[in-house]
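Colleague: Build me a model:
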Amino acid sequence: MIGAGVAAVALIVVYLLAVWTVAGQLLENAALRGADQVRADERTQADEALGAITIWSLGIAAILVAAIALLRRRIDLAIAGVGVIVLGQVVTQSLKRFILPRPPLVEVVGDYAGNSFPSGHTTIAMTVLFALLIVVPYRWRGLAMFLVLSWAIGIGAYTVTAKWHRFSDTLGADAVALLCACLAT
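Modeller: Coordinates of the predicted model:
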């Protein structure tokens, strides 16, 4: 429960500092302008990686998480793993669509105006990582983390590279994923 509390506090602090302050919004907009310096092929790579995350790929990931747990004959882990993924999206979509607005504290135009807190794509990537770590046997966790962590972090970076989200959106998503994983464990 301590981990869940820390994740909740991190979510709130990131939101308040980055979204509800002029300095936070200016800093984040400057970071997004840095994404303008990315080569066209890197932007295309980011868009393609983010485009591969669909409701279908999310469903397949949840099925694989459940299958790993069920192969271990651990229905409790299947419920926990899939629960992390589902709860992560319920929380993230609720927060970004209904609960946590981004006030217009600084003038914003173009690609910068549509971003939302927290990032759904980053939440998906991080909850899949945490779900896998919950369901795989202990001796395989290092390998699972090695393989999936770089992808999950990459998705967060791609959301900024493609200007789909600000950096705080990815941090908020990481906090949501950690919160869900801590609650599940």
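Colleague: hey, let's count contacts and neighbours off CA atoms from now on
Modeller: Will do.
Colleague: Helices of the chain, start to end?
Modeller: Along the chain, the stretches classed as helices by DSSP state H are 2-14, 22-34, 40-51, 55-71, 75-94, 120-135, 141-161, 167-184.
Colleague: And the most far-flung residue of the chain relative to its centre, what's its pLDDT?
Modeller: Going by C-alpha atoms, centre = their mean, the residue of the chain most distant from its centre is Arg73, 28.8 Å out. If you check Arg73, the pLDDT there is 97.
Colleague: Just give me the neighbour total for the closest residue to Gly120 other than its chain neighbours.
Modeller: Leaving out its chain neighbours, the residue that sits closest to Gly120 by C-alpha to C-alpha, 6 or more residues apart in numbering is Thr92, at 6.2 Å. For Thr92, the count of nearby residues is 27 (other C-alpha atoms under 10 Å).
Colleague: Show residues contacting the helix or strand of the chain with the lowest mean pLDDT.
Modeller: Every helix and strand in the chain was compared by mean pLDDT, DSSP states H and E; the lowest is helix 22-34, with a mean of 87. Contact with helix 22-34 is made by Leu17, Ala18, Val19, Leu105, Val106, Tyr112, Val160, Thr161, Lys163, Arg166, Phe167, Ser168, as judged by C-alpha atoms under 8 Å, 6 or more residues apart in numbering.
Colleague: relative to helix 167-184, how tilted is that helix?
Modeller: 110 degrees (axes from the mean of the first three to the mean of the last three C-alpha atoms, to 10 degrees).
Colleague: Starting from Leu179, give me the distance back to Ala4.
Modeller: Look at Ala4 and Leu179: by C-alpha to C-alpha, to the nearest Å, they are 5 Å apart.
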